[in-house]
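# Provided below for reference: sequence and predicted model.
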Amino acid sequence: MFYLDDIGRYFLMLKKVFSRMTKASVLRNLIFKEIDDLIIGSLGISMFLAFFIGAVIAIQTALNLTNPIIPRQIIGFASRQSIILEFAPTFLSVIMAGKVGSFITSSIGTMRVTEQIDALEVMGINSLNYLVFPKIVAMCMYPFVIAITMFVGVFGAYIAGVYGGFVSSSEFLAGLREEFIPYHLLYAFIKTFIFAFLLATIPSFHGYYMKGGALGVGKASTSAFVWTTVVIITSNYILTQLLLS
Amino acid sequence: MIEVRDIHKSFHGEKILKGITTTFERGKTNLVIGTSGSGKTVFLKCMLGLFTPEEGSICYDGTTYSDLTTKEQRNLREQMGMVFQGSALFDSMTVAENVMFPLMMFTKQNKEEMQERVNAVLHRVNLENAHKKLPSEISGGMQKRVAIARAIVTRPNYLFCDEPNSGLDPRTSIVIDNLIKEITEEYNITTIINTHDMNSVMEIGEKIIFLRYGLLEWEGDKTQIFKTDNEAVTDFVYSSNLFKKVRDAQLKGL
């Protein structure tokens, strides 16, 4: 019953987020600030992770290819598939649930504790629209982050595979182009858009409705990470079933 | 003028306000006093429209809040300024941006007009040199003055202050009290202050109501409060040794 209550409040929150819009000139500045905080601020860590995970995927694949009949170009193929289908859209989103999610929860939660949200409400401002809507719009840029990490991840796999002596450059590139299905990219970006929405709204919900002081902010950040991860992983399964099977 | 008529409010079955009726006049500093847990903050938040009372009504210059549509209630709220206990300044904005915020949200003034108004109110609260500082870079007293500047920048009709002296030294408290009193008279607004600072009661208490267990126990002004024989009020007022000594000295005719 407790969880059902929270789910109900989450959807009611979404309704309020899209009602009584804040003045456009104010919103525009807020959106640019959120893009800077949530998107630009996440590029470095995303690229760093993608490069090394891509490299590890290439090495792991190479080390498991013990049968000489299997062509070495499978390393490029496997790296591409792993990075585009799962690592970039899903697992990076789980990591972002920690990075972006905890930032959103703690910033909104601190505003709750220090009565800044009350101040907005007293002024007659729809605090949910003011705080959450710019984050949702900013997170619409999240697929660009994922597109960059896909590229960097494959590049990492290429560097580790080729310069590690596991596969030649031409074999890796041939594997990259092998049986490429453009729909897989569409599938990955549909998932990314949905995860971006979840990454903006679930941590906002936990921050906005948090209770208590500093300890409450910490608890809200933890539960935001846990619930964002649970919802991303569950919806990943449902979306894969719907879009790929 | 704000007229409060028999308001009741409870949380999770526990009655916090049990029927309060009073009137706060325009141009006067009205104080709400009482011990912690007496319902002062809930009472203030009911008047701000943040909590909806289960019974009773609140009238703002003849307009009953509960009779208004949501849009009209929002318009009325734009006429209210609030100084929060912890100042509630937006920590990502500078002092000037904090003060300018209500103007950006609710007026169609251009940047120069807004800047001029911000300069005027910051000058009024004696903060001419703090425009570009962040709230974290200024003292508690200065934060309170910025909060007052933000509350009055749109020329509100009603000013609410929740314990404006908490965490301040006695000297700064007096500065803040006097500032609120001067602004109340200058702008001719209805000001309501939640406090348990007896210095404020002595300095600016033109009307005082004393809440106890969610009920209005006593009302009067700063001269009457020291003469009342209401036991709960005298217990509260003379809980400070300083005031006990003043009373004893008065009784002895010193």
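Thanks, I have it.

# CA only for contacts and neighbour counts going forward, please
OK.

# wait, what's in contact with the residue of chain B found nearest chain A?
Per CA to the nearest CA, residue B:88 is where chain B lies closest to chain A, at 4.8 Å. Contacts for residue B:88 were tallied using CA atoms under 8 Å, 6 or more residues apart in numbering or on different chains; they are A:114-116, A:119, B:147.

# poorly predicted segments of the chain, please.
No chain in the question, so chain A it is. Filtered on pLDDT under 70, chain A yields the residue ranges A:1-2.

# not quite, I wanted chain B
Residues of chain B meeting the criterion pLDDT under 70: B:242, B:247, B:250-251, B:253-254.

# quick one, helices of it?
Remark: helices assigned in chain B by DSSP state H are B:40-48, B:70-77, B:95-106, B:111-124, B:140-152, B:170-187, B:198-204, B:231-237, B:241-251.

# who touches the first one?
The reference is to helix B:40-48. Contacts with helix B:40-48, where a contact means CA under 8 Å, 6+ apart, come from A:122, B:16-17, B:32-34, B:51-53, B:58, B:77, B:80, B:160, B:162, B:194, B:211.

# 7 Å instead, please
Under the contact criterion CA atoms under 7 Å, 6 or more residues apart in numbering or on different chains, helix B:40-48 has outside partners A:122, B:32, B:34, B:51-53, B:58, B:194, B:211.

# then the fourth one?
With CA under 7 Å, 6+ apart as the test, helix B:111-124 has contacts from B:96, B:99-100, B:103, B:128, B:149, B:153.

# do you know which of the helices of chain B lies nearest residue A:200?
Among the helices of chain B, helix B:95-106 comes nearest to residue A:200, with 23.8 Å by CA to CA.

# list the contacts of stretch A:221-228.
For stretch A:221-228, the external contacting residues (CA under 7 Å, 6+ apart) are A:97-98, A:101-102, A:105-106, A:198-199, A:202-203, A:206.

# near chain B, which residues of chain A?
A:23, A:114-116, A:119, A:122-124 (CA under 7 Å from any CA of the partner chain).

# widest-spaced pair of the residues you listed?
A:23 and A:114 (23.9 Å).

# quickly note the distance from the closest residue to residue A:116 other than its chain neighbours to residue B:60.
Excluding the flanking residues, the one nearest residue A:116 by CA to CA, 6 or more residues apart in numbering or on different chains is residue B:88, at 4.8 Å. If you measure residue B:88 against residue B:60 using CA to CA, to the nearest Å, the figure is 25 Å.

# just want the most central residue of the chain.
Going with chain A. Residue closest to the average C-alpha location in chain A (CA atoms, centre = their mean): residue A:93, at 2.8 Å.

# switch to chain B, please.
residue B:161 (2.1 Å).

# what subset of the contacts of stretch A:221-228 is buried?
Among those, those buried by neighbour count (16 or more other CA atoms under 10 Å in any protein chain shown) are A:97-98, A:101-102, A:105-106, A:198-199, A:202-203, A:206.

# give me the subset of the residues you listed lying in strands.
Among those, no member falls in strands (DSSP state E).

# hmm, back to that, want to try CSV for the helices of chain B, with mean neighbour count as columns?
Shown next, in CSV, are the helices of chain B (neighbours: other CA atoms under 10 Å in any protein chain shown):
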stretch, mean neighbour count
helix B:40-48, 21
helix B:70-77, 16
helix B:95-106, 22
helix B:111-124, 17
helix B:140-152, 25
helix B:170-187, 17
helix B:198-204, 18
helix B:231-237, 15
helix B:241-251, 12
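
# out of those, which gets nearest to residue A:149?
Comparing the helices of chain B by CA to CA, helix B:95-106 comes nearest, at 36.7 Å.

# how many other residues sit next to whatever residue of chain A ends up closest to chain B?
Nearest residue of chain A to chain B (CA to the nearest CA) works out as residue A:116 at 4.8 Å. Number of residues near residue A:116 (other CA atoms under 10 Å in any protein chain shown) recorded here: 22.

# and it, what is it in contact with?
B:88-90.

# picking up where we left off before, and the residue nearest to the centre of chain A, what element?
helix A:92-113 (DSSP states H and E).

# check which element follows that helix along the chain.
Moving toward the C-terminus from helix A:92-113, the first helix or strand encountered (DSSP H and E) is helix A:116-122.

# CA atoms of that following helix as PDB?
Extracted in PDB, the C-alpha atoms of helix A:116-122 (Å, rounded to 0.1, in the frame of the first residue of the first chain):
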ATOM      1  CA  GLN A 116      13.200  27.700  -0.400                       C
ATOM      2  CA  ILE A 117      10.300  25.700  -1.800                       C
ATOM      3  CA  ASP A 118       8.000  27.300   0.700                       C
ATOM      4  CA  ALA A 119       9.300  30.700  -0.400                       C
ATOM      5  CA  LEU A 120       8.400  29.900  -4.000                       C
ATOM      6  CA  GLU A 121       4.900  28.700  -3.000                       C
ATOM      7  CA  VAL A 122       4.300  31.800  -0.900                       C
END
